[in-house]
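Student: Sequence first, predicted model second:
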Amino acid sequence: MTPVLVGALVVIALGALLVLAGIVALFKARPLRFAARTLFGLLLICSGVLAGTLALGIQGYHALTREEVAARLSVRPLAPQRFSVLVRFPDAREARFEVAGDEIYADAHILKWKPFANMLGLHTAYELDRLAGRYRNIAQERSAPHTVHSLAVHKPINLFGLRQRYTFLAPLLDAEYGSASYVPVTRPAELELRVSPTGLLLRETGP
């Protein structure tokens, strides 16, 4: 329960109380009070629902103010064009994947909030999306087996997808920007997946 979600629930509750008060005014034959309370109550409910949707939609996203490590990857070749990847996240989660290809590929979703949303405390945020393999040879890229794994955290509302589907969210945020990075896999390696306001970067951390 984030502060934004709690505030949204409070606003929805106030809106519901005003709608009930409007219904009471209607039974008392006070049409002006009924109209004013009902309209204002519905406005509060709609505002609360929108705020709650945004609060649920940004779950799994991380505020992005500088370059930071989004994950650490331990890569181990298993066979030609086949390797194992152990992904360690900053929150101590770990996941192991088997990937096919010559290179390891990772991408992320970037949410860029507009100045109006910045005034509400919402800033550029990112969410890792996929880990996959990439072939150098284009013919192989078209025909060889592909491996794609999700890095995203499950959430009840996909805000990135909602923004791409509904244009009325355009004044709040931009979800048309994604970023990706890839590096070749020829030997065991320790990599850092870094994210910055300019995009993703896979960087080897040691020999």
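Tutor: Sure thing, it's come through.

Student: tell me which element Ile23 is part of?
Tutor: Using DSSP states H and E, Ile23 sits within helix 3-27.

Student: any idea which helix or strand comes after that helix?
Tutor: Helix 3-27 is succeeded, C-terminally, by helix 31-57 (DSSP H and E).

Student: thinking again about what came up before, which secondary structure elements does the helix holding Ile23 contact?
Tutor: helix 31-57 (3 or more C-beta pairs under 8 Å, 6 or more residues apart in numbering; DSSP states H and E). All C-beta spots, glycine's among them, are computed from the backbone N, C-alpha and C.

Student: so the helix it packs on versus helix 3-27, what angle?
Tutor: Interaxial angle of helix 31-57 relative to helix 3-27 (axes from the mean of the first three to the mean of the last three C-alpha atoms, to 10 degrees): 160 degrees.

Student: What sits closest to Arg136 if chain neighbours are left out?
Tutor: Asp102 (4.7 Å; C-beta to C-beta, 6 or more residues apart in numbering).

Student: distance of that neighbour from Gly133?
Tutor: With distances taken as C-beta to C-beta, to the nearest Å, Asp102 is found 8 Å from Gly133.

Student: Now list whatever residues contact both of those two.
Tutor: The contact sets of Asp102 and Gly133 overlap at Gln81 (C-beta atoms under 8 Å, 6 or more residues apart in numbering).

Student: Pick out whichever of these two has more residues nearby.
Tutor: Gly133 (26 against 19; other C-beta atoms under 10 Å).

Student: List the contacts of the residue nearest to the more buried one when sequence neighbours are not counted.
Tutor: Nearest residue to Gly133 in three dimensions, chain neighbours excluded: Gly101, at 2.8 Å (C-beta to C-beta, 6+ apart). Taking C-beta under 8 Å, 6+ apart as the contact definition, Gly101 lies against Gln81, Ala132, Gly133, Arg134, Tyr135, Ala144, His146, Thr147, Val185.

Student: Need the residues that contact the helix holding Ile23.
Tutor: 31, 33-38, 40-49, 51-52, 54-56.

Student: Can you give me the neighbour number for Leu20?
Tutor: 13.

Student: Tell me the pLDDT of it.
Tutor: For Leu20, the model assigns a pLDDT of 85.

Student: next one: the one 10 residues further on
Tutor: At Arg30 the predicted local distance difference test score is 79.
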